[in-house]
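Asks: Turn this into a structure:
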Amino acid sequence: MDIFDDTIKLIKQWFLLKKDITGLREYYAPISAKSSQVPTDEPNRTEIKTTIILKEDTRLELGHPSLGSCYGRVTLIGPDIPEIKAEIVPFAQIALVCCKSNVRDVSVKMDRDLHTSVQYDGYMVRSMPNLIWARVSKNAAFSGFSLRELGRSIIDALNHDFQDVIKSELFFVTSGKED
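Replies: Here you go, the predicted structure:
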């Protein structure tokens, strides 16, 4: 039994409960463990760039500290970026991986990678300890940027950046602070 087994079990149970109560969307991200190719049924992912999004250029804030945030894995409960009308919403991101090496080593490196390697033009993660707080620019939001796209890119980055990662899965929650 690994150190995160109980936590993973609880997370999966919570998402199954939400599936029955509120519904959720699951997106298949068929990226092989060491491939950086995006499936052909979807457009290629946006070129990754580091950007700074100023408050006046922000369309949406995910996980603003006043509303709550959780950091961790991927499937979607709640509205996706194009469906959100508010300017700030609660946000949870949960990443689960299956790895061949020491789980403790991978989890520390993965936490850092989830903040740095998936910065898009139009999407940025703000630096906050123990919290995920992201901004989506107006341009990205109105151009169709989605959590589905972000999740696919994160899975791709995890599988590419970590030799010992065999599989990865992501979960997003935007449904409400109580979640």
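Asks: so how far is stretch 81-94 from its chain's centroid?
Replies: With C-alpha atoms, centre = their mean, to the nearest Å as the basis, stretch 81-94 stands 12 Å off its chain's centre.
Asks: And the average pLDDT for the longest helix seen in the chain is what?
Replies: Secondary structure of the chain per DSSP state H: the longest helix is helix 5-21. Averaging pLDDT along helix 5-21 gives 81.
Asks: Which strands or helices does it pack on?
Replies: Here helix 5-21 touches strand 91-99, going by 3 or more C-beta pairs under 8 Å, 6 or more residues apart in numbering; DSSP states H and E. From N, CA and C alone the C-beta is placed, and that goes for glycine too.
Asks: the strands in the protein, which residues?
Replies: Here the chain has its strands, by DSSP state E, at 58-62, 69-72, 76-77, 88-89, 91-99, 123-126, 133-137, 165-173.
Asks: Looks like Pro99 contacts Ser168 (just checking).
Replies: Not Pro; residue 99 is Cys. No - Cys99 is beyond contact range of Ser168, at 9.0 Å (criterion: C-beta atoms under 8 Å).
Asks: Could you check which of the two has the larger neighbour count?
Replies: The neighbour count for Cys99 versus Ser168, taken as other C-beta atoms under 10 Å, is higher for Ser168 (24 against 19).
Asks: and that one, bridged to which residues?
Replies: Going by DSSP bridges, Ser168 is paired in beta bridges with Val97.
Asks: residues touching it, list them.
Replies: Neighbouring residues of Ser168 by C-beta atoms under 8 Å, 6 or more residues apart in numbering: Ala95, Leu96, Val97, Cys98, Ile154, Ile155, Leu158, Asn159.
Asks: So in the protein, where's the weakest helix or strand by average pLDDT?
Replies: strand 69-72 (a mean of 44; mean pLDDT, DSSP states H and E).
Asks: Pro79 - how many residues pack around it?
Replies: The burial count for Pro79: 15, using other C-beta under 10 Å.
Asks: Hmm, it is touching Gly176, no?
Replies: No - counting by C-beta under 8 Å, Gly176 is not a contact partner of Pro79; they are 10.4 Å apart.
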